[in-house]
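**Student:** the following comprises the amino acid sequence and a computationally predicted model.
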Amino acid sequence: MLRKYMDDDLRVTQQWTTQGKAFRDLVLAEEVAHVQRTYSVAQRYALINLYYSTKPESWESQSGWDEFIFTNECSFFGVKICRWSARGVEVIKLDLSDNGLMGTIPEELCLLRDSLEHMILHSNNIGGSIPSCISGFNNLETLDFHNNILNGTLPEGLMFSPSLWDVDLSNNNITGGLDTLFEGENSGEPLALGLMTFNVDSNNLTGTIPH
């Protein structure tokens, strides 16, 4: 049942990878008979991958994350808003700002593309690149990763994310051209016309945003 969410990723069979650790913990949770599952398996897998990918031993608070087998996501530190749906509990707002996160943002976080509306990870020490699939989030309104050590390029086509209204990627080490924001498979779609804030200051970017 769980594997359908993993896209046949062989890393789930390797216990030293973050994917393998997350998959192992999900199987354990399924085996705890007295715990009624009220969460989306895909969502749980995505969040546990984030936990293991950002060096949990460095977190200021791990409350709920380190005992997830016995609780749902709404009890996790940093989960600010949840709602119930036919799929169970959905995380709407995730705010782990200034919590000592290190490591990288895993691609698996994009399994939250249909529910997450606010992704706030600023003021940590997160490196690596921003997953390209961030541009495919259907309801994302807030994307705030400022004050980290992110590198790589901007997510292709980010400016076509329909719900975006607040983007802050400032004070990182992101490189490349701003034109990347307007490229990709969604380039024929309407722009994020509701965008109120867009801050990419203090990076290594080139070019301008077209009017």
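**Tutor:** Everything's here; your move.

**Student:** please make it C-alpha for all contacts and neighbour counts, starting now.
**Tutor:** Fine.

**Student:** and the helices in the chain, which stretches?
**Tutor:** Counting by DSSP state H, the segments of the chain that form helices are 18-31, 41-53.

**Student:** the spatially most central residue of the chain: what's it in contact with?
**Tutor:** Centroid-nearest residue in the chain: L109, 4.1 Å away (criterion: C-alpha atoms, centre = their mean). Residues counted as contacts of L109 (C-alpha atoms under 8 Å, 6 or more residues apart in numbering) are 46-47, 49-50.

**Student:** mind running it again at 7 Å?
**Tutor:** When contacts are counted by C-alpha atoms under 7 Å, 6 or more residues apart in numbering, L109 touches 46-47, 50.

**Student:** still on that earlier bit, worst average pLDDT in the helices of the chain?
**Tutor:** Lowest mean pLDDT of those: helix 18-31, a mean of 60.

**Student:** any weak-confidence spans in this protein?
**Tutor:** For the chain, residues meeting the criterion pLDDT under 70 lie at 1-39, 87, 184-193, 210-211.

**Student:** how much space between A46 and N172?
**Tutor:** Separation of A46 from N172 (C-alpha to C-alpha, to the nearest Å): 24 Å.

**Student:** surely P106 and L50 touch.
**Tutor:** Yes: in terms of C-alpha atoms under 7 Å, P106 counts as a neighbour of L50; the distance is 6.0 Å.

**Student:** what's in contact with stretch 124-140?
**Tutor:** Counting by C-alpha under 7 Å, 6+ apart, 97-105, 107, 110, 113-118, 147-153, 155-158, 161, 163-164 sit against stretch 124-140.

**Student:** go again using 6 Å as the cut-off
**Tutor:** 98, 100-104, 107, 113-114, 117, 148-152, 155, 158, 161, 163-164 (C-alpha atoms under 6 Å, 6 or more residues apart in numbering).

**Student:** please spell out the PyMOL selection for the buried subset of those residues.
**Tutor:** Remark: buried members of these, expressed as a PyMOL selection using 16 or more other C-alpha atoms under 10 Å:
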select buried, resi 98+100+101+102+103+104+107+113+117+148+149+150+151+152+155+158+161+163+164
